[in-house]
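Student: Got a sequence here, can you model it:
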Amino acid sequence: MADEGGLPHLVDLAVNAVAGRRLPQKGSAAPQFMQWWQDPSVKHKLASTRRTALPLIKACGAGKAAGVRILDCTGGWGVDAATLAAAGATVDIIERNPIMAQLLADILQQAHLASDLGPLLRGQVGGLWQGEASAVLHATTPSSTAATAEVHQLWPSIPHSLGGTPPSGPPSGPPSGPPSGPPSAPPSGPWDVLYIDAMFPPRGKASANVKLPAQWLHAIAAQEAIHSLPAEHPARADLCAALASTPLSGMGGLLGQAMGPLATLVGSAAEADNVSPADALAAPLVQAALDSPIRRVVLKRPSSASPFPLPKPDSGDANLPAFSVQGKSVRFDVYQRPWLQHAC
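Tutor: Have a look, this model is predicted:
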């Protein structure tokens, strides 16, 4: 399938098609992807009595205090948000990619209906919004809230205030996409923690060995990156052709190819020495998080990667993490500003 510009669609929610194959389920693509939440390693994270020892939980401080409020700025497949909710935190999610956001909304719907997963979410996922997290983070004053107009709530299907009482039962039905009328209210905090799992720099040939969820994430991100290039961009035609012919296992490499032109197009950060296109594209969100009035910001990084490349401050090391929590293959860099109001 292709759009009017000739760009193939790997995932088309309108017909429930994935890579050109119609899904057997009617009305929702979630069962195709829900299986990843059923993975034993994921369910162990949600059910383990020692979940507070998980690096993610340690980094976010979700296991040491009750009622920690977290904004997950990069929802993805929602596993990290579910892990934080299972540790007792209240988690709001923003996902920028509209396809990923719709799939995640369906997954959340399925998870809350599943008898083996619903009880594990001891905290709550307060809501899922589709849009730019940086717009929400910039909207700290009434005069700056206009930027959040394109942030739409997808789940639960009945919007509720974070300060009020969420629906007592599961959502009434799967969301059908962004509302056609006026947008619902964006998430408004206050949050104790901002969590960012920005796209890692693709690993070249090794990307074929990543797990299936990451391969699909690469594919959907590659589709979006190529779609974001102007029709007249010299690289777009070749990238479109590659998108239609590249196997799923090779989508990480294709994403890497698409990120370079896109990063150069959207800003000059990619031109700086030793800054990968992936980091350049994530820089506006990371900077918005660090400029926000939230005391703790947690960035997920590859274990071997250096700290996120931020502009050097005039003095001191304010743009370096206060500490890091090491996992098996990833690292969580924690930025803390103790002088800010909301603490965890």
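
Student: From here on, just use CA atoms for contacts and neighbour counts.
Tutor: Noted.

Student: which sections of the stretch 201-344 of the chain are below the confidence cut-off?
Tutor: Within the stretch 201-344 of the chain, the stretches with pLDDT under 70 are 201-209, 267-273, 312-318, 339-344.

Student: what about the helices in it?
Tutor: Using DSSP state H, counting those that start in this stretch, the helices of the stretch 201-344 of the chain run over residues 212-228, 236-245, 251-266, 277-291.

Student: May I see the buried residues of the longest one?
Tutor: When you say that, I think you mean helix 212-228. If you call a residue buried by 16 or more other Cα atoms under 10 Å, then helix 212-228 has these buried ones: 214-227.

Student: With distance to residue 47 as new columns, can the helices of the stretch 201-344 of the chain be given to me in a markdown table?
Tutor: Rendered in a markdown table, the data for these read as follows (distance: least, Cα to Cα, whole Å):
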| stretch | distance to residue 47 |
| --- | --- |
| helix 212-228 | 21 |
| helix 236-245 | 38 |
| helix 251-266 | 31 |
| helix 277-291 | 30 |
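
Student: Compare the ones you listed and give me the one nearest residue 60.
Tutor: Comparing these against residue 60 with Cα to Cα, the closest turns out to be helix 277-291 (14.4 Å).

Student: other SSEs contacting that closest one?
Tutor: For helix 277-291, the contact count by 3 or more Cα pairs under 8 Å, 6 or more residues apart in numbering; DSSP states H and E identifies helix 133-138, helix 251-266 as packing neighbours.

Student: Please produce JSON lines containing those helices, extended by distance to residue 103 and mean neighbour count.
Tutor: Rendered in JSON lines, the data for the helices and strands packed on helix 277-291 read as follows (distance: least, Cα to Cα, whole Å; neighbours: other Cα atoms under 10 Å):
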{"stretch": "helix 133-138", "distance to residue 103": "18", "mean neighbour count": "23"}
{"stretch": "helix 251-266", "distance to residue 103": "19", "mean neighbour count": "21"}
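
Student: Between those, which one is closest to residue 237.
Tutor: Across these, the minimum distance to residue 237, taken as Cα to Cα, is reached by helix 251-266, at 11.4 Å.

Student: hmm, back to that, with distance to residue 232 as added columns, please give the helices and strands packed on helix 277-291 in a markdown table.
Tutor: Shown next, in a markdown table, are the helices and strands packed on helix 277-291 (distance: least, Cα to Cα, whole Å):
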| stretch | distance to residue 232 |
| --- | --- |
| helix 133-138 | 28 |
| helix 251-266 | 12 |
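
Student: right, and these - which one's nearest residue 156?
Tutor: Of those, the one closest to residue 156 (Cα to Cα) turns out to be helix 133-138, at 18.1 Å.

Student: pLDDT averaged over that closest one, what's the number?
Tutor: In this model, helix 133-138 has an average pLDDT of 90.

Student: Just name whatever secondary elements that helix is in contact with.
Tutor: Contact analysis of helix 133-138 by 3+ Cα pairs under 8 Å, 6+ apart lists helix 277-291 as its packing neighbours.

Student: What are the buried residues along the helix it packs on?
Tutor: Buried residues in helix 277-291, counted by 16+ other Cα under 10 Å: 277-283, 285-286, 288-290.

Student: Just name the closest of the buried residues of helix 212-228 to residue 330, please.
Tutor: When the buried residues of helix 212-228 are compared for distance to residue 330, the smallest value, 13.9 Å, is given by residue 214; criterion: Cα to Cα.

Student: ok so, going back, and the helices of the stretch 201-344 of the chain: which comes nearest residue 300?
Tutor: With Cα to Cα as the criterion, residue 300 lies closest to helix 277-291 of the helices of the stretch 201-344 of the chain, at 11.1 Å.

Student: which residues are in contact with the closest one?
Tutor: Where contact means Cα atoms under 8 Å, 6 or more residues apart in numbering, the residues beyond helix 277-291 that reach it are 133-134, 137-138, 194, 196, 198-201, 256, 259-260, 263-264, 266-267, 269-270, 297, 308-310, 335.

Student: what do you get for stretch 118-130?
Tutor: In this structure, residues lying in contact with stretch 118-130 by Cα under 8 Å, 6+ apart are 46-47, 81-98, 101, 105, 111-112, 151-156, 162, 166, 178, 186-187.

Student: Next up, phi/psi of residue 229, please.
Tutor: The phi/psi pair for residue 229 (degrees, to the nearest 10) reads phi -80, psi 140.

Student: Which of the buried residues of helix 212-228 sits closest to residue 65?
Tutor: The nearest member of the buried residues of helix 212-228 to residue 65, counting by Cα to Cα, is residue 214 at 31.3 Å.

Student: any idea how far residue 59 is from that closest one?
Tutor: In this structure, residue 214 and residue 59 are 22 Å apart, going by Cα to Cα, to the nearest Å.

Student: Same check on residue 196?
Tutor: Using Cα to Cα, we find residue 196 at a distance of 12 Å from residue 59.

Student: what do those two both touch?
Tutor: Counting by Cα under 8 Å, 6+ apart, the common neighbours of residue 196 and residue 59 are residue 298.
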